[in-house]
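Q: Quick one: sequence and predicted model below, then my questions.
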Amino acid sequence: SVPHTTAMASLCSQTCQPQRALGLFRRLSRGGPLRSAASAVGSTRHRTSASQCHPGSPWCSVTPSSTATHIFVADLAPKVSSLPRKRCLVGSAGRRDSTAGSTGSLDDSDQHAAGGMRNIPTELMREADRGNPQAQTDVGLFIATTQTREAQEAAVSWYQKAADQDHPGAMNLLGMCYATGRGVAPNAVAAFGLYQRVAATFGLNQPGSLLHQHAQLILGHCYCHGVGVEVDDTKAVAIYKELAEQGLDQAQYALGVYFMNGLAVDEDRVLAAKWFRAAAEQGHAEGQITIAQFYEFGAGVEMDTAEAFRWYTAAAEGGNPDALFRLGSCYEKGVGVEADGAAAFVWYKRAAVLGDPDGQYRLGTCLLLGTGVDPDVAAAIEWYSKASAQGSPHATSALGECHYTGVGVKQDLEMAVTLFERAAATGLAGAQFMLGCCYHSGRGVAVDHAAAITWYRLAADQGLADAQFNIGDAYLTGRGVEADPAAAFAWFQKAAASSGGALYAKALYALGVCYHEGSGVAQDAEAAFDCFHKAAAKENSAAQFNVGVMLELGTGVERDASAAVGWYRRAAALGNLNAAFQLGKCYAVGTGVPENDTEAVKWLLQAAEAGHDQAQVAIAQCYEAGSGVAVDEAVATEWYQKAAEQGNFEAQTKLEFTR
């Protein structure tokens, strides 16, 4: 176990086994409490926001969820299977004489009566009773193998005896006990004091330097998080820098976080990258993941996705769950490697099985969408649920969407709202947006446009274009806020700048309408046409129709009826009924195309059958006049009736006069 490694490393450094101690401390640098402590430099107090980091960079590995209370978490229960088998009774108050019995040991029932403490080597016990601090420390370690309160308290008493003689290993272990509350009431101040004593015991170039480094490192964490002492980033940086220059990977990583965030030092991504790389080269998983992110996003180093992939792979080979997840992401997105959905699924599954919530979430998404695997909605829901139970906001929001749409579960809008609220409370923009939509539409909750705006704003402030667009629409219509065309225009601009694809086109279309109508901005036909044309190029059918109209009329652009017909045709092919109607009219009168009644009827009928009331009137007129179809008054009347039922005044008037 890692705590056993901590203790044994301390012991080895005291018993002329520096190589073994070095190996044990290196094990500590690759996982467990000490690595988590170093990672905690980037915990809640140091967590970087999107604005602090390189744009688009999710610094999850730089700022793990470790907290100050986890710094010293340790299980003081070393394994003793490889230690000497010769045993005697535990030396403590009330201890039986070590000569009792021919074997010098208690039977099972007596051991239980003694609080479950294990027997220890006779000679070691004698040395401890004589006051040898190293032996007293070792006795404490043996006793701590029994997971009972009495045993842990007895172990602390032995550590205390040795610590009273300034034994560094004992002070180190006793500090861990005070920090974790194992065998003694938690006392961060006492823990801090003990680590200070250890740090002051050795010079850095003397035999105990490994233990000294360990104590110094913990002191750095204490100053960083204010554990047992006031927060002092300057002192923390000084300690980390000294240790980093000696090659301690955890200190190198911590120092990199400080330079990345600009705390107590000037922000310097180049220096941050230097220290992250130094830690990574020693096998520090968090350092490997972080330098990989630096290469992926070009922070402090030249962007190099292949190098990013190499470091993610190195961390993944060490079994780091976060690295396994990120390697899956590389395969899914094609970062530094050819995109491969099947490989992404494999890596996500490896991370998920190890309990990584991000891996579980992405695995669920792969199963839901069929990325690299046959779709399995039930399995997707299962993995989403596991990730959500661990607090993954993305998985919680995804579960909310499943309940919202009824995918994989029975549709339950109230449950969807509950899940969206839970995820939104963590600051997840997507969940905040969905919650806003629920309040806007009254799905799963009473309609409340003001509440919808509140949630849209939270998401919009994080740059979510969908939320920015909806706020613009609210200002345009006055739902949830006082109508303000200028504010609407500004929000549509933000949405257009933040988005791509369909939403980008939708925002550009809205801007085009504002320019065309002079709503919130000076009327400008040319600017309107430019916006509509850009949106039309993104296959927005409404924009394509408007481009056609402006070309046909020569508004904001030179008149070109033939080009107008081309845009009407593109929009009609996407199902735009106005475009189909207008295209029918062009064929009917020969605008931009040769006059063709049959073609006119074809397009008018397409729009009419889809419910376009003006097209219904036009097709009725065709049947009345025999244009492109045989004269049929009855059919004409039917089409007039359909248009009239939709409130078309012309159709209603026609029917009134024919009665």
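A: Done, it's in. Numbering: from 1, shown residues only.
Q: Tell me where the stretch 251-400 of the chain has helices.
A: Here the stretch 251-400 of the chain has its helices, by DSSP state H, counting those that start in this stretch, at 269-281, 285-297, 305-317, 321-333, 341-353, 357-369, 377-389, 393-405.
Q: repeat for the stretch 401-550 of the chain
A: With helices called from DSSP H, counting those that start in this stretch, the stretch 401-550 of the chain shows them at 413-424, 429-441, 449-460, 465-477, 485-498, 501-517, 525-537, 541-553.
Q: Let me know how buried residue 371 is, in neighbour terms.
A: 17 (other CB atoms under 10 Å). Yep, even glycine has a C-beta here, placed from its N, CA and C like the rest.
Q: What of the one 10 residues further on?
A: A count of neighbours around residue 381, defined by other CB under 10 Å, yields 20.
Q: so how many other residues sit close to residue 521?
A: 19.
Q: That one: what's it in contact with?
A: Residues near residue 521 by CB atoms under 8 Å, 6 or more residues apart in numbering: 485, 486, 489, 514, 515.
Q: Kindly recompute the last result at 7 Å.
A: Residue 521 is in contact with 489, 514, 515, counting by CB atoms under 7 Å, 6 or more residues apart in numbering.
Q: Now do the last one against residue 570, distance only.
A: Meaning residue 515. Look at residue 515 and residue 570: by CB to CB, to the nearest Å, they are 22 Å apart.
Q: Pick out whichever of those two has more residues nearby.
A: In terms of neighbours (other CB under 10 Å), residue 515 is the more surrounded of residue 515 and residue 570; the figures are 24 against 18.
Q: The closest residue to residue 636 other than its chain neighbours is in what secondary structure piece?
A: Computed as CB to CB, 6 or more residues apart in numbering, the closest residue to residue 636 that is not its neighbour in sequence is residue 623, at 3.9 Å. In the assignment (DSSP states H and E), residue 623 maps to helix 613-625.
Q: Let me have that helix in CSV, keeping just the CA atoms, if that works.
A: Extracted C-alpha coordinates of helix 613-625, given in CSV (Å, rounded to 0.1, in the frame of the first residue of the first chain):
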residue,chain,number,x,y,z
ASP,A,613,-52.3,29.1,-47.8
GLN,A,614,-51.1,31.4,-50.5
ALA,A,615,-50.0,28.5,-52.6
GLN,A,616,-53.4,26.9,-52.0
VAL,A,617,-55.1,30.0,-53.4
ALA,A,618,-52.7,30.0,-56.4
ILE,A,619,-53.4,26.4,-57.2
ALA,A,620,-57.1,27.0,-56.9
GLN,A,621,-56.7,29.8,-59.5
CYS,A,622,-54.8,27.4,-61.8
TYR,A,623,-57.8,25.0,-61.7
GLU,A,624,-60.2,27.8,-62.3
ALA,A,625,-58.3,29.1,-65.3
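Q: which ones are touching the residue lying closest to residue 241 once chain neighbours are set aside?
A: Take residue 241 and drop its neighbours on the chain: the residue closest to it by CB to CB, 6+ apart is residue 255, 5.8 Å away. Neighbouring residues of residue 255 by CB under 7 Å, 6+ apart: 237, 240, 241, 244, 275.
Q: Just send those back as TSV, with distance to residue 374 and pLDDT too.
A: Converted to TSV, the contacts of residue 255 look like this (distance: CB to CB, whole Å; pLDDT from 0 to 100):
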residue	distance to residue 374	pLDDT
237	52	97
240	49	95
241	53	96
244	49	95
275	45	98
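Q: Most neighbours among these, please name it.
A: Among the contacts of residue 255, residue 240 has more neighbours than the rest - 30 neighbours, counting by other CB under 10 Å.
Q: Would you mind listing the residues in contact with that residue?
A: Taking CB under 7 Å, 6+ apart as the criterion, residue 240 is in contact with 220, 251, 254, 255, 258.
Q: and the gap between the fourth one and residue 271?
A: What it means is residue 255. For residue 255, the distance to residue 271 - CB to CB - is 8 Å.
Q: tell me the phi and psi of residue 120?
A: Torsion angles at residue 120 (phi, psi; degrees, to the nearest 10) stand at phi -130, psi 160.
Q: Only the buried residues of stretch 460-473, if you could.
A: By neighbour count on 16 or more other CB atoms under 10 Å, the buried set for stretch 460-473 is 460, 462-473.
Q: Packed most tightly, which of the helices of the stretch 251-400 of the chain would that be?
A: A comparison of those by mean neighbour count, using mean count of other CB atoms under 10 Å, puts helix 285-297 on top with a mean of 28.
Q: gap between it and the chain center?
A: The chain centre lies 16 Å from the centre of helix 285-297; the measure is CA atoms, centre = their mean, to the nearest Å.
Q: Check which helices and strands that helix is in contact with.
A: helix 249-261, helix 269-281, helix 305-317, helix 321-333 (3 or more CB pairs under 7 Å, 6 or more residues apart in numbering; DSSP states H and E).
Q: pLDDT below threshold where in this structure?
A: Within the chain, the ranges that satisfy pLDDT under 70 run 1-118, 202-209.
Q: now do 50
A: Applying pLDDT under 50 to the chain flags residues 1-117, 204-205, 207-208.
Q: hang on, the earlier thing: residues touching the helix holding residue 623, excluding its own?
A: Contacts to helix 613-625, defined as CB under 7 Å, 6+ apart, come from residues 581, 584, 601, 604-605, 607-608, 628-629, 631-633, 635-636, 639-640, 642-643, 646, 648, 650-651.
Q: Name the next helix or strand downstream of it, please.
A: helix 633-645.
Q: Dump the C-alpha coordinates for the next helix or strand after that next one into CSV.
A: Using DSSP H and E, the next helix or strand after helix 633-645 towards the C-terminus is helix 649-658. C-alpha atoms of helix 649-658 as CSV (Å, rounded to 0.1, in the frame of the first residue of the first chain):
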residue,chain,number,x,y,z
PHE,A,649,-58.7,36.6,-46.5
GLU,A,650,-58.6,36.2,-50.3
ALA,A,651,-59.9,32.7,-50.2
GLN,A,652,-62.6,33.6,-47.7
THR,A,653,-63.7,36.5,-49.9
LYS,A,654,-63.8,34.3,-53.0
LEU,A,655,-66.0,31.7,-51.3
GLU,A,656,-68.3,34.4,-49.9
PHE,A,657,-69.0,35.8,-53.4
THR,A,658,-69.5,32.3,-55.0
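Q: Please identify the buried residues of helix 649-658?
A: Those would be 650, 651, 652, 654, for helix 649-658 by 16+ other CB under 10 Å.
Q: Tell me which other helices or strands that helix touches.
A: The contact analysis (3+ CB pairs under 7 Å, 6+ apart) places helix 649-658 against helix 633-645.
Q: Can you list the helices and strands that the helix it packs on packs against?
A: Applying 3+ CB pairs under 7 Å, 6+ apart, we find helix 633-645 packed against helix 613-625, helix 649-658.
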